[in-house]
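**Q** Next input, structure requested:
(chains A and B)
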Amino acid sequence: MNADSGQRQLFRSYLGSAPAAYAMAFGSVAAFTVGAWQANLAIMLGGPAAIVLGVAGIAWYFADRDAANNFYFEFASSVGLTYANQTDVLTMTPLLGAGNRRHVEQWIYGRLPGDLSGGLGQFVWERIQKDSDGTTSVKERNRFTICVVDLDPSLPFFRGIYLHPRRGLFAPYSEWLGRTPVRTVEVESTAFVERYELRAASDQEDLLVRRLFAPTVVSWLANHPLSPGFELKAGTLCVFVPRPLEDAGNLTYLIDATRYLAARVASEVGEEMARPA
Amino acid sequence: MTAVYIVLGVLALLALWSVVAYNALVKSRNKVDEAWSGIDVQLKRRHDLVPNLVETVKGYASHERETLQNVTVARLAAVEAGEPAAVERAEARLTSALGGINALAEAYPDLKASESFQRLQAELSGIEDEIQAARRIYNSNVQRYNTRTQQFPTLLIAGTMSFTTREFFEIEVPAERNVPQVAF
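**A** A predicted model of the protein is given here:
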């Protein structure tokens, strides 16, 4: 099951609906009449065809949108979460504050597995550029799948951990850490290093990072089929995949990855809190 | 004159490639060493835990001297082992000796029910998971490094600069190797 499931049935039903039929009929007759009025054969023949294509295009757009909405709504119900079509998220981590304009589509929220409070959805962030003549244009529009959970107890211990999938030379999105003061953290696994770039806030205690990235975690991340990245800052864990995930299997995988990482962070926080001052 | 320029150009390209290949080999070898120290850290954690485990068991099964002594001797050998091959053997022996403690726990219900024993066993199990993961990372790094040293044309640099292949690390536990025979 994915965001395109049921799209064709919806398209057929929208196309066969009364408003679409009336629009096509009246539009075609009107275009034909205008063509005849102007004695233009091209408009007489092409006009009705353009009207039919236009109506079909609109029906396809709505079918695509509604199929996606239905899928996310049903997915949210199946995992016991609440569905919200669109929302904004607080810019708790650098990714959540990336670009100049951002919002989350298909937001699903509530108590995630592992008794975590948070949600997941399609995070859209855009980089907007202002030209010399004052006009603005969208230079970059990215769509990431994110899963965000609250991990308030981690706040005093984790100042900023940023694990990003390596972008490569032809990455479709630009770097978003920008002015965040960070340092690179070396990890011993070659497979991990080929996949990820690990950075930590400049005031982050190194020992905690080392403990968080224990061999089991490094090995798990280096072999995870989604290659999920994550950011942990200000008591918020944001696990992400830099592309849209639009099927139930992968979304469940992302929730599971978040639960695993959150449990690891919670375990380190627990150990740190139990340590005598 | 043109031929001289072409030869010089080819030589410059070769020199550049040699530098890049050499650096890649060094980086790869360092990753292997780094991964080995990752294993070492986890093994040390296990070694540090063993005396506590022995002391706990002593409290419940003090007359099981042989089993406890086996663990202590195996631990000492594991601590002193330096080369990967020796570490492999010593750790296999320690794992086997620790299996004896598990068997004791079955014979002494009070020991098995003891909170500190359960905590230590859980900790040991966690460390063993980390050792397995560290071993996977090490072996993966060794595989990449060995492939690099054996592939043409990098092997030309590896051969002349003494980049020797590394051994994989496997903790052999005889009990795990013996597949149970099922007879019908």
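**Q** and the helix or strand hosting A:Tyr260, does that touch chain B?
**A** Per DSSP states H and E, A:Tyr260 falls inside helix A:248-274. No: between helix A:248-274 and chain B, judged by Cβ under 8 Å from any Cβ of the partner chain, nothing touches; the nearest distance is 9.6 Å. Bear in mind the C-beta positions are built from the backbone N, C-alpha and C, glycine included.
**Q** How about stretch A:194-214?
**A** Yes: using Cβ under 8 Å from any Cβ, we find that stretch A:194-214 touches chain B at A:Ala214.
**Q** Pull out the buried positions in that stretch.
**A** A:195-201, A:204, A:208-209, A:212-214 (16 or more other Cβ atoms under 10 Å in any protein chain shown).
**Q** Just the C-alpha atoms of that stretch, please, in CSV.
**A** The C-alpha trace of stretch A:194-214 is given here as CSV (Å, rounded to 0.1, in the frame of the first residue of the first chain):
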residue,chain,number,x,y,z
GLU,A,194,31.2,5.9,3.1
ARG,A,195,27.5,6.3,3.9
TYR,A,196,27.4,9.1,6.5
GLU,A,197,29.0,12.3,7.7
LEU,A,198,28.9,12.6,11.5
ARG,A,199,29.2,16.0,13.1
ALA,A,200,28.7,17.2,16.6
ALA,A,201,28.2,20.6,18.1
SER,A,202,31.5,22.2,19.1
ASP,A,203,30.5,22.1,22.8
GLN,A,204,29.3,18.5,22.7
GLU,A,205,31.1,16.1,25.1
ASP,A,206,33.1,13.7,23.0
LEU,A,207,32.7,10.7,25.3
LEU,A,208,28.9,10.8,25.0
VAL,A,209,29.1,10.8,21.2
ARG,A,210,31.5,7.8,21.4
ARG,A,211,29.2,5.9,23.7
LEU,A,212,26.1,6.7,21.6
PHE,A,213,27.9,5.5,18.5
ALA,A,214,28.8,2.1,20.0
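**Q** for the record, mean pLDDT for it?
**A** What stretch A:194-214 shows for mean pLDDT is 93.
**Q** Quick one: residues in contact with it.
**A** A:157-166, A:177, A:180-187, A:221-222, A:227, A:229, A:233, A:264-265, A:268, A:271-272, B:130, B:133 (Cβ atoms under 8 Å, 6 or more residues apart in numbering or on different chains).
**Q** on that earlier part again, if you count neighbours, what's buried in the helix holding A:Tyr260?
**A** Applying 16+ other Cβ under 10 Å to helix A:248-274 flags A:248, A:250-251, A:253-262, A:264-266, A:268-269, A:272 as buried.
**Q** Repeat that for stretch B:131-142.
**A** Here stretch B:131-142 shows B:Ile131, B:Ala133, B:Ala134, B:Arg135, B:Arg136, B:Ile137, B:Tyr138, B:Asn139, B:Ser140, B:Asn141, B:Val142 as buried, counting by 16+ other Cβ under 10 Å.
**Q** Looking at those, spot the one nearest A:Gly57.
**A** A:Gly57 lies nearest to B:Ser140 out of the buried residues of stretch B:131-142, by Cβ to Cβ, at 50.1 Å.
**Q** For that closest one, give its distance to A:Leu177.
**A** B:Ser140 sits 28 Å away from A:Leu177, going by Cβ to Cβ, to the nearest Å.
**Q** For chain B, what is the nearest residue in chain A?
**A** When scored by Cβ to the nearest Cβ, chain A has A:Pro215 as its residue closest to chain B, at 3.6 Å.
**Q** can you give me the helices in chain B?
**A** B:2-60, B:65-80, B:84-107, B:109-113, B:115-150, B:154-160, B:174-177 (DSSP state H).
**Q** All set, thanks.
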